[in-house]
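Peer 1: sharing a model prediction with you, sequence too.
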Amino acid sequence: MIYKIRQFTTFFSAFAILFLTFSNCNQSAKNSESKREVCIEKVDSLAWMLQSTRNLFVFKMDEFIERQEEMNENLTKVKFVPGNKLTDENMSDVSQYNAIFNVYKSNAGKYKEVVLEAENLFYEIKGIEQELKKGKFDKEIDEFLKEYNHLKIELKHNHEETLEVTEKLKSVEPTFMRIAPAVDKIMESNFPAK
């Protein structure tokens, strides 16, 4: 008997927590203003989530695409440098440069995509915020919750992708900063400007 009471209590507690978590906007508020305020707080939480993602964007949006293009050009040219003109150190630098190029090749476009997706999410959040302030969702809380949950999922996905891509790009940044000038010297000494 005690087991059944505990089981019922546990079930009821879990149900109550879930109900309160997922129905903040549907609380038995006396008027639409207090419902609207609760919903605006939810939208503010979305804006905060987006800002935490935006804080990860420490590079310019097209920076890696531009680097990738220049690196591809340099790597193509270095293939035509006679082997006797490259020291072991030069060969090591070119090898590391190529490894960085491969990281950029697979992540530069993704970085631009996550930046653009974050900007799109910013405008979606602003749009839902304006609709809330105008009272669009005062009687359509379920519609608000549907949009809110959709945006929350999109924000989480964008944040996870941003973390993954920026981690990879940041991991090769110190090596790029050290190797790029060395490869530039190789290019200058073997392909002088005309």
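Peer 2: Nice, thanks for sending it over.
Peer 1: any idea which helix is longest in the protein?
Peer 2: Looking across the chain with DSSP state H, the single longest helix is helix 141-190.
Peer 1: distance of the spatially most central residue of the chain relative to residue 186?
Peer 2: The centre of the chain sits closest to residue 162, judged by CA atoms, centre = their mean, with a distance of 2.5 Å. Residue 162 sits 34 Å away from residue 186, going by CB to CB, to the nearest Å. In this view, the C-beta of every residue, glycine as well, is placed from N, C-alpha and C.
Peer 1: in this structure, where is pLDDT below threshold?
Peer 2: 1-33, 194 (pLDDT under 70).
Peer 1: just the strands from it, written as ranges.
Peer 2: For the chain, strands defined by DSSP state E do not occur.
Peer 1: what segments of it are helices?
Peer 2: 2-22, 32-54, 63-78, 88-134, 141-190.
Peer 1: so how far is the last one off the chain centroid?
Peer 2: Put plainly, it is helix 141-190. Distance of helix 141-190 from its chain centroid, counting by CA atoms, centre = their mean, to the nearest Å, is 6 Å.
Peer 1: what angle separates that helix from helix 88-134?
Peer 2: 160 degrees (axes from the mean of the first three to the mean of the last three CA atoms, to 10 degrees).
Peer 1: the residue nearest to the centre of the chain touches residue 57, doesn't it?
Peer 2: Yes. With contact defined as CB atoms under 8 Å, residue 162 counts as touching residue 57 (7.4 Å).
Peer 1: anything in contact with each of those two?
Peer 2: Counting by CB atoms under 8 Å, 6 or more residues apart in numbering, the shared contacts of residue 162 and residue 57 are residue 118.
Peer 1: picking that back up, who are the packing partners of the longest helix of the chain?
Peer 2: Helix 141-190 sits against helix 32-54, helix 63-78, helix 88-134, with contacts defined as 3 or more CB pairs under 8 Å, 6 or more residues apart in numbering; DSSP states H and E.
Peer 1: re the thing from before, for residue 140, see how far away the residue nearest to the centre of the chain is.
Peer 2: Counting by CB to CB, the gap from residue 162 to residue 140 is 32 Å.
Peer 1: do the same with residue 42
Peer 2: 15 Å.
Peer 1: look at these two and report which has more neighbours.
Peer 2: Between residue 42 and residue 140, counting by other CB atoms under 10 Å, residue 42 is the more crowded of the two (19 against 13).
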